[in-house]
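A.B. asks: Next comes the sequence, and after it the predicted model I'd like to discuss.
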Amino acid sequence: MTDPVLSSLGWTPHFAGQVDPDEASTPARVSGVERSHIMALGVEGPVRLLVPEGTGSIAVGDWVLQDGVHVTRRLTPATEIVRRNAGDTSRRQLIAANVDTLGIVTSCNADFNPARLERYIAVAAQAGCLPLVILTKADQADDPDRYLSEARALSPLVVALALNAKDPEEVARLTPWVEAGRTLALVGSSGVGKTTLQNALTGVQAATQDIRADDAKGRHTTTARALRRTLAGGCLIDTPGIRELGLVDAAEGVEEVFSDVAALAESCRFRDCTHDREPGCAVQAAIRAGTLDPERLRRYQKLEREDRLHTEALHEKHARNRSWAKATAHGSARAKWKRRGPDAEE
C-alpha cells in the first residue's frame with residue numbers, strides 16, 4: 001500500500017512501477033535545486049541531498065530515490081515543462097517536472113498578451129499538462145469578462161478564471177487544482193500576483209512587489225523555483241517571472257493550440273502551402289470569409305518557425321556530439337591498438 005504522505009505529494013503507479021522492490025533507497029520529491037545539492041520532501045519530511053552527477057538534470061517537482069544523504073536515481077517524470085535555454089538556443093532548460101496543471105498567470109490590464117499566452121499554452125500542451133489561465137486584478141478591470149472570453153478563445157484546451165488574488169474566497173476557487181495528489185505550477189510575468197496566490201494557497205508569507213501602474217509591469221519577487229505543500233494537501237510550484245519563454249521540441253503543442261489553423265491547412269490544395277498567395281489556400285479563404293483572424297495565422301507561423309529553427313539546432317548539436325564521441329572512441333581504440341601492436345593477444 002502506498003504511503004499517504006507520498007500519495008499526497010503526487011506519487012502514482014507511474015513512479016512506483018520504476019522502483020525495484022529490493023531497492024534500499026526511498027522516494028522523495030524535489031522541492032528546490034541548488035548547485036551542489038537539492039532539497040526534497042519524503043515520508044519523514046524535508047531532506048537535503050547531495051547529487052553525485054550534479055544537479056543539472058534535476059528539476060523542481062522531480063521524483064528521486066535517495067538513501068538519506070545522496071540521490072541514487074532520478075525517476076522518469078510523467079510531465080516536463082521545458083523551454084529553450086535563454087543563454088544557449090541549442091539547449092533545453094527544465095522549468096518543472098510532474099506538473100498536472102500549468103497555471104498561466106496574467107492580469108486584466110496591459111500585461112494581457114494573447115501571443116504570450118499562446119506560447120505558454122503550447123508549452124503546457126507539449127508537456128501534457130492542463131493549461132489554466134488565471135486572470136488576476138479582476139476587481140480593478142472595467143470588463144473582466146472580455147479578458148476571459150479572449151483567453152478561452154485562444155484554444156479549446158484552455159480553462160480560464162478571473163479573480164482578485166488578494167481575496168481568499170476568490171483564490172479558494174483554485175483549490176481543485178492543488179488538492180492532495182495534485183500539482184499546480186505558476187508561471188507568468190513579474191508582478192501579476194503569483195506570489196500573492198502562493199501565499200494564499202500555501203500559507204507561506206513571501207514578500208510581494210506591487211505592479212507598476214504606468215506599464216503594468218512588476219519586479220521579481222520569487223528568485224528561484226520552489227515546490228511547497230498547499231493548505232488543501234497538494235503541491236504548488238512557484239517560478240520567477242519569465243521574460244522569455246523560447247520554444248524547442250514543441251511542434252505538437254503548437255499544433256494543438258492552433259488546431260483550427262492546422263485543420264484548415266489540411267484542406268489546402270498544396271501540401272506545402274505557405275498560406276500566403278497560393279491558389280486553393282483554405283487558410284486564406286477563411287481569412288477572407290472572416291472566420292479566421294489574420295493575426296492568429298501570423299502568430300501561429302511565428303511560433304512554428306521558431307520551434308522548427310531551434311529544434312533543428314538542438315538536434316544538430318546532439319548529432320555533432322554523438323559524432324565527436326564516436327570519433328573520440330574510435331581514435332582511442334586505434335591508439336590502443338598501435339601501442340599494443342596488431343598481433344598482440346587479447
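C.D. replies: All right, it came through fine.

A.B. asks: So for stretch 158-170, first residue to last residue, what's the gap.
C.D. replies: End-to-end distance of stretch 158-170: 19 Å, with CA to CA, to the nearest Å as the criterion.

A.B. asks: whoops, I mixed them up, stretch 54-72
C.D. replies: For stretch 54-72, the end-to-end distance is 12 Å (CA to CA).

A.B. asks: Domain map for the protein?
C.D. replies: For the chain, automatic domain parsing gives the domain ranges 4-74, 80-238, 251-308.

A.B. asks: residue ranges with poor pLDDT in the stretch 51-200 of the chain?
C.D. replies: Scanning the stretch 51-200 of the chain for pLDDT under 70 picks out the ranges 86-90.

A.B. asks: would JSON lines of the domains of the chain with distance to residue 245 and mean neighbour count be doable?
C.D. replies: To be clear about C-beta, it is placed using only N, CA and C from the backbone, and glycine gets the same treatment. Below are the domains of the chain laid out as JSON lines (distance: least, CB to CB, whole Å; neighbours: other CB atoms under 10 Å):
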{"stretch": "domain 4-74", "distance to residue 245": "15", "mean neighbour count": "16"}
{"stretch": "domain 80-238", "distance to residue 245": "5", "mean neighbour count": "19"}
{"stretch": "domain 251-308", "distance to residue 245": "11", "mean neighbour count": "16"}
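
A.B. asks: Can you show me the strands along the stretch 201-346 of the chain?
C.D. replies: Assigned by DSSP state E, counting those that start in this stretch, the stretch 201-346 of the chain shows strands spanning 226-229, 235-238.

A.B. asks: Of those, give the one that comes closest to residue 6.
C.D. replies: With CB to CB as the criterion, residue 6 lies closest to strand 235-238 of these, at 11.8 Å.

A.B. asks: Tell me which other helices or strands that closest one touches.
C.D. replies: On a contact count with 3 or more CB pairs under 8 Å, 6 or more residues apart in numbering; DSSP states H and E, strand 235-238 meets strand 183-188, helix 194-202, strand 226-229.

A.B. asks: Going by residue numbers, what spans are helices in the protein?
C.D. replies: Remark: helices assigned in the chain by DSSP state H are 4-9, 13-16, 114-127, 144-153, 168-171, 194-202, 251-257, 259-265, 282-289, 294-340.

A.B. asks: To residue 155, which of the helices and strands packed on strand 235-238 lies closest?
C.D. replies: Residue 155 sits nearest to strand 183-188 of all these, at 16.1 Å, using CB to CB.

A.B. asks: What ranges in the stretch 201-346 of the chain fall below the confidence cut-off?
C.D. replies: Along the stretch 201-346 of the chain, the parts satisfying pLDDT under 70 run over 206-223, 241-244, 313-346.

A.B. asks: residues contacting residue 224?
C.D. replies: Counting by CB atoms under 8 Å, 6 or more residues apart in numbering, residue 224 touches 32, 33, 240.

A.B. asks: between these, which is closest to residue 44?
C.D. replies: Ranked by distance to residue 44 (CB to CB), the contacts of residue 224 are led by residue 32 at 17.1 Å.

A.B. asks: residues in contact with the residue nearest to that closest one when sequence neighbours are not counted?
C.D. replies: Closest residue in space to residue 32, ignoring its immediate chain neighbours: residue 39 at 4.0 Å, by CB to CB, 6 or more residues apart in numbering. Counting by CB under 8 Å, 6+ apart, residue 39 makes contact with 30, 31, 32, 33, 46, 47, 48, 49.

A.B. asks: Could I get the contacting residues of residue 101?
C.D. replies: Contact analysis of residue 101 by CB under 8 Å, 6+ apart lists 129, 130, 131, 132, 177, 182, 183, 184, 185.

A.B. asks: err, residue 112, not the other one
C.D. replies: 106, 135, 147, 150.

A.B. asks: do the same with residue 260
C.D. replies: By CB under 8 Å, 6+ apart, the residues touching residue 260 are 292, 296.

A.B. asks: What separation is there between it and residue 291?
C.D. replies: Relative to residue 291, residue 260 is positioned 9 Å away (CB to CB, to the nearest Å).

A.B. asks: go on, residue 159?
C.D. replies: Separation of residue 159 from residue 291 (CB to CB): 24 Å.

A.B. asks: now residue 186
C.D. replies: From residue 186 to residue 291 the distance is 34 Å (CB to CB).

A.B. asks: what does the model give the residue nearest to residue 32 for pLDDT?
C.D. replies: According to the prediction, residue 39 has pLDDT 97.

A.B. asks: What separation is there between it and residue 140?
C.D. replies: On the measure of CB to CB, residue 39 and residue 140 end up 36 Å apart.

A.B. asks: Much appreciated, bye for now.
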